[in-house]
Every structure is written in structure tokens, then in C-alpha cells.
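A.B. asks: Okay, predicted coordinates and the sequence, questions at the end:
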Amino acid sequence: MAGTEEDQKFCLQEVLDTFKLCLSENKEVYLEHYVAGWRGLVKFLNSLGSVFGFISKDAVNKIHILVTLLNGENGSQYATVQSMVKYELENDLVDLTKRGSHPESGCRTLLRLHRALRWLELFLERLRTSSEDGKTSVMCSEAYNESLSQFHPWVVRKAAGMAFCMLPGRPAFFEVMNVGPTEQVVAKLGEALPLISEVYQITEELYTQQNLMNLP
Ligand SMILES: CCCCCCCC/C=C\CCCCCCCC(=O)N[C@@H](COP(=O)(O)O)[C@H](O)/C=C/CCCCCCCCCCCCC
């Protein structure tokens, strides 16, 4: 039986391509490609084993919420992160201070992925610049502690910390990326990082301007 798309083989080039497609000429972030980027990353996570299942499940759930909005009757309003924010705010579709009638708005859902994108940026930069015997578990937890962890309760931080200990070493990690020898992986990461950073920065500025950084 065919698996879901998230079960399929990961390829770093694909993720790079989706993040390239994310930005429009006038620097808006296309939601469709943003979500496709996360889908690609979830494939990678799934290939690391079931210990990461609880993380993958949460990411898939958030991707699903955004895809449903994109494919819904007001889907055209969700073409870019900018149009989504405008539409949801103008139509009071966002719970701004406490969770209420819009617990799964596009704005709050994307904020969770946006915070995770910062973790990804920090983690990939460590991976890119690490030596061959660098520990992925240490790189991952340092990146997590500098970013996402502040938004998670103790129990999630604990579970995440335990999962990080199960990460394979750098050589095996690079192999799963399906790019080729180490030097090529490092070069691809060098290409991917500025794109991820730009998408992150643009979203960060928009959310800060609109006072959306603490959506419940
Ligand atoms: C280029 C390839 C190399 C790197 C590949 C990385 C692959 C990562 C793929 C997916 C990352 C998962 C992103 C997780 C999003 C988490 C969003 C979040 O913060 N959710 C929490 C809050 O949500 P609400 O309750 O407010 O709706 C939720 O409570 C979280 C639950 C699960 C735990 C999340 C831990 C995240 C750890 C960071 C990812 C570690 C992946 C390690 C693998 C390298």
C-alpha cells in the first residue's frame, strides 16, 4: 500500500527548491510553498524513526490546518502569509489574547511553524559549520534551547530533549539528506540557509508589525 507523502524519501534539494519558490517578487511569502517546505522536512523527520513521531504529528497537524484553509472556500485569501494576516485580522478570525472561537486560525498556526523555522535555521547553521565528529544531538538541543524551547512547557521540553539524544551522528544524518558527499551537503546547506533566513525575517517583521508574536 502506498504511504502518505510524508513517508516518502527525503531530498534536501527538494526542500531547497520549495523555499526558493516561497518568495514572490515583492517579497511576500507564498503559503503553498511554505507548507510544501515543511512537508519535505517532515519526510526527513519520519525517516529518523518513531521516537520523533510526536514532533512529526504536531507538525503534520499544523500543515493540515493550513492546507485546509488554502483549499477552503476562502482559499484565495491564503495565497500569501501577508494576505492571510490581512484577511484574518480584518474579519476577526484570530484569537488575539486568549483561545476562543478561532483556536485554529491560520495566523496562530503559522506562528508555531515560524518559531520552529528559527530552530531550523540555528540547527542547520550548526550542522553546516560543524566538524565531522560534531554531535547532532548537541547541535539540535542548543538550537532548540535558543529558540523554540521558550514556548514549550516542561513536559514537551523534556520529551524533545530525550528524542534529540536518539539523533544519528553527523555522517548518517548527512546521508539521509540524499545530496551526495559531505562537501555537497555543506554547500547545499549554504544555499538553503539564506533562503530560510529571508522567509523567517519577512514573517518575523510582519508578525511584529501586526502585534501577532504572542498569539495564544
Ligand atoms: C534539512 C534537513 C535537516 C533538518 C531536518 C529537520 C526536520 C524537522 C522537521 C520537522 C520539525 C518539526 C517542527 C515542529 C513544530 C513544532 C511547533 C510547536 O511548537 N508546537 C507546540 C505548540 O503547539 P500548540 O500546542 O500551541 O498548538 C506543540 O506543543 C509541540 C509539540 C511537539 C514537540 C515539538 C518539539 C520540537 C522540537 C524541534 C524539532 C526537532 C526535530 C529534530 C530532528 C532533526
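C.D. replies: Done, it's in.

A.B. asks: just the helices in the chain please.
C.D. replies: 12-21, 31-47, 53-71, 81-90, 106-129, 136-146, 154-164, 170-176, 182-209 (DSSP state H).

A.B. asks: quick one, which of the ones you listed is packed in tightest?
C.D. replies: Among the helices of the chain, judged by mean count of other Cβ atoms under 10 Å, the one packed with the most neighbours on average is helix 31-47 (a mean of 21). Every C-beta, even on glycine, is put in place using the N, C-alpha and C of the backbone.

A.B. asks: what does that one rub up against?
C.D. replies: The contact list for helix 31-47 (Cβ atoms under 8 Å, 6 or more residues apart in numbering) reads 5-11, 14-15, 18-19, 21-22, 52, 55-56, 59-60, 62-63, 66-67, 70, 78-81, 84, 106, 110, 113, 120, 176-177, 199.

A.B. asks: How about Ser141, nearest residue that isn't a chain neighbour?
C.D. replies: Ranked by Cβ to Cβ, 6 or more residues apart in numbering and with sequence neighbours excluded, the top spatial neighbour of Ser141 is Phe164, at 4.9 Å.

A.B. asks: Ok, Phe54 next?
C.D. replies: In this structure, Phe54 finds its nearest non-sequential neighbour in Ala159, 6.5 Å apart by Cβ to Cβ, 6+ apart.

A.B. asks: show me what contacts Lys20?
C.D. replies: Applying Cβ under 8 Å, 6+ apart, one finds that Lys20 lies in contact with Leu195.

A.B. asks: tell me the pLDDT at it?
C.D. replies: We have a pLDDT of 93 for Lys20.

A.B. asks: thinking again about what came up before, quick one: the residue nearest to Phe54 from the ligand, how far?
C.D. replies: Distance of Ala159 to the ligand, computed by Cβ to the nearest ligand atom, to the nearest Å: 7 Å.

A.B. asks: Got phi/psi on Glu25?
C.D. replies: Dihedral pair for Glu25: phi -60, psi -40, per degrees, to the nearest 10.

A.B. asks: i'd like the first residue to be 32 from this point on
C.D. replies: Done: numbering now begins at 32, and the last item shifts to Glu56.

A.B. asks: can you tell me how far the residue nearest to Asn105 when sequence neighbours are not counted sits from Leu246?
C.D. replies: Leaving out its chain neighbours, the residue that sits closest to Asn105 by Cβ to Cβ, 6+ apart is Tyr118, at 7.0 Å. Computed as Cβ to Cβ, to the nearest Å, the Tyr118 to Leu246 distance reads 15 Å.

A.B. asks: What of Glu119?
C.D. replies: Taken as Cβ to Cβ, the spacing of Glu119 relative to Leu246 amounts to 10 Å.
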